[in-house]
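> Below is the sequence, then the predicted model.
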Amino acid sequence: MPARDDLHQLIEELPEAEIARVSRVLRALLPSAEEERLYTVDTAPEDDEPYTPEDRAAVAEALRDVEEGRTVSHEEVKRSWGLS
């Protein structure tokens, strides 16, 4: 299998007229963001930590907060970070 240095050298030797075509071919080989995300999810190790009483209490508290309206909207968070 060629090393990256070999590929760099081949690219340096390409005629100028072929650069755009080779660029399209190489870009087509790159995984899309969606493919990367799916690969990451598919290959992530299974969570093997026990679900503790503290975890259950934290989830119950979070659900109570949602039910009682103690939330911050996505738009509010973006504004607070200067993103909108």
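Structure received. Predicted, not measured: the structure shown is a model, and the values here were computed from it. Residues are numbered from 1 along each chain as shown.

> Only C-alpha atoms from now on, for both contacts and neighbour counts.
OK.

> what separates the residue at the greatest distance from the centre of the chain from Arg21, distance-wise?
Using Cα atoms, centre = their mean, the residue of the chain lying farthest from its centre is Pro15. It sits 35.6 Å away. Pro15 is 11 Å from Arg21, where distance means Cα to Cα, to the nearest Å.

> Three-state assignment for Arg70, please.
With DSSP: H, G, I helix; E, B strand; the rest coil as the basis, Arg70 sits in coil.

> what number of residues lie near it?
Other residues near Arg70 come to 10 when the count uses other Cα atoms under 10 Å.

> cool, Val59 as well?
12.

> Figure out the helix or strand that it lives in.
helix 53-67 (DSSP states H and E).

> secondary structure class for the residue sitting nearest the centre point of the chain?
In the chain, the centroid-proximal residue (Cα atoms, centre = their mean) is Arg37; its distance is 5.3 Å. Secondary structure state of Arg37, per three-state DSSP, is helix.

> Per-residue pLDDT of it, please?
For Arg37, the model assigns a pLDDT of 82.

> same question, the one 10 residues further on
In this prediction, Asp47 carries a pLDDT score of 89.

> Next, it: phi, psi?
phi -70, psi 120 (degrees, to the nearest 10).

> Quick check: buried residues in the helix-or-strand element of the chain with minimal mean pLDDT?
Ranked by mean pLDDT, DSSP states H and E, the weakest helix or strand in the chain is helix 33-43, scoring a mean of 82. Judged by neighbour count (16 or more other Cα atoms under 10 Å), helix 33-43 contains no buried residues.
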